[in-house]
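Enquirer: Next one to model:
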Amino acid sequence: MRGMRARALGAVAGALGGGLLLGALPAATASTQTTRVPSAASASLPIPLPTGSPSPSPSPAPSPSPSRSAVRSPSPSPTHRPSTAPKPRPATVVYRVKTTAPVYFITVDDGYIRDPRVLDLVRREHIPLTAFLIRDAAREDPGFFRQLRNAGAALEDHTLSHPDLTKKTPAQQHAQICNDAIYEDRTFGRRPTLFRPPYGRYDDTTLKVAGSCGFRYVVMWDAVEQDGSFAAIGGSLQPGMIVILHFTPSLYGDLQQVLALGRAAGLRPALLERYLPGAAAGLPKPNKH
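Expert: Predicted coordinates:
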């Protein structure tokens, strides 16, 4: 157990190289096309845009031998002007939220293992959590995730089928990211505002595509809870931390352990979307318990 915890902590630290602390400047600017790779312990189990300007419409051909009364000046050809709409900005990568509030954020990935006890725990403890769903997992049992949403969770984007996006073309990345958002909007009644790349692997294309799909943030993490083991940068749960868990057989116990760690640290879980500007769009007003 101690060895696993040490390996997980070291991998989390490696994953944070070049990351952005929201509200603060990054410690270092990452070079272009850099791929960040988190640990295997924290990783999940297993439309191209038009280019070029439109061609101008041809000028009308003159009519053969027109009569004098029929002669008219030809209409000018339409002028095609480039669009003045601003290009979407690449999504911002977030590892931790800068906040003075005594809060941390629970995120849960994938969706293949669905434990009814987790639903009961979320309802009973009023746990605000963000679930990053794979479309292929969510559509196995959308009713489960509707119940999770109704209990206060926010459902976000984790691609259609969980590929390594850094090995995909821009068109393939676009399909994986944007089509999952469309599925969740149609199925759960809200378009996701946050995206998490599978395995935590992304490149510059991922950020650009996520931005073009309407995402302002690509969400990573700086703490891991899995199979009863917790690891974090700094060694303990701290304000603003984003904790990653997974829909695994151990999720029920993992949630309980994270809640206990939070109470011991004087922290409470909060919904991540409410601490990222613009990310709470489409969510109901928070309930006060």
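Enquirer: Quick check: which element contains Ala181?
Expert: For Ala181, the enclosing helix or strand under DSSP states H and E is helix 170-188.
Enquirer: How about residues contacting the helix or strand that comes right after that helix?
Expert: Toward the C-terminus, helix 170-188 is succeeded by strand 194-195 as the next helix or strand (DSSP H and E). Residues lying outside strand 194-195 but in contact with it, judged by Cβ atoms under 8 Å, 6 or more residues apart in numbering, are 91, 130, 132, 154, 156-158, 177, 181, 210, 213, 215, 217-219, 272-273, 276, 279. (Each C-beta comes from the backbone N, C-alpha and C, glycine too.)
Enquirer: Show me what counts as buried in stretch 248-264.
Expert: When neighbours are counted by 16 or more other Cβ atoms under 10 Å, the buried residues of stretch 248-264 are found to be Thr248, Ser250, Leu251, Asp254, Leu255, Val258, Leu259, Leu261, Gly262.
Enquirer: correction: stretch 107-121
Expert: For stretch 107-121, burial by neighbour count (16+ other Cβ under 10 Å) applies to Thr107, Val108, Asp109, Asp110, Gly111, Tyr112, Arg114, Asp115, Val118, Leu119, Leu121.
Enquirer: Which of the contacts of strand 194-195 fall in strands?
Expert: Taking DSSP state E as the definition of strands, the contacts of strand 194-195 contribute Thr130, Phe132, Ala154, Glu156, Asp157, Tyr217, Val218, Val219.
Enquirer: Packing partners of the lengthiest strand in the chain?
Expert: In the chain, ranked by residue count with DSSP E as the criterion, the top strand is strand 103-110. Packing partners of strand 103-110 (3 or more Cβ pairs under 8 Å, 6 or more residues apart in numbering; DSSP states H and E): strand 129-133, strand 242-246, helix 251-264, strand 268-270.
Enquirer: hang on, the earlier thing: turn the buried residues of stretch 248-264 into TSV, including distance to Gly228 and pLDDT.
Expert: What follows is the buried residues of stretch 248-264, written out as TSV (distance: Cβ to Cβ, whole Å; pLDDT from 0 to 100):
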residue	distance to Gly228	pLDDT
Thr248	11	97
Ser250	6	98
Leu251	11	98
Asp254	7	98
Leu255	11	98
Val258	11	98
Leu259	13	98
Leu261	12	97
Gly262	16	98
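Enquirer: Out of these, flag the one nearest to Arg268.
Expert: Of all the buried residues of stretch 248-264, the one with the least separation from Arg268 (Cβ to Cβ) is Gly262, at 6.3 Å.
Enquirer: Correct me if wrong: that closest one contacts Ala270.
Expert: No: with contact defined as Cβ atoms under 8 Å, Gly262 does not count as touching Ala270 (10.2 Å).
Enquirer: Now the common contact residues for those two.
Expert: Going by Cβ under 8 Å, 6+ apart, residues that sit against Gly262 and also against Ala270 are Tyr104.
Enquirer: State the distance from the nearest residue to Cys178 once chain neighbours are set aside to Gln173.
Expert: Leaving aside its chain neighbours, Cys178 sits nearest to Cys213 (4.1 Å; criterion: Cβ to Cβ, 6 or more residues apart in numbering). In this view, Cys213 and Gln173 are 10 Å apart by Cβ to Cβ, to the nearest Å.
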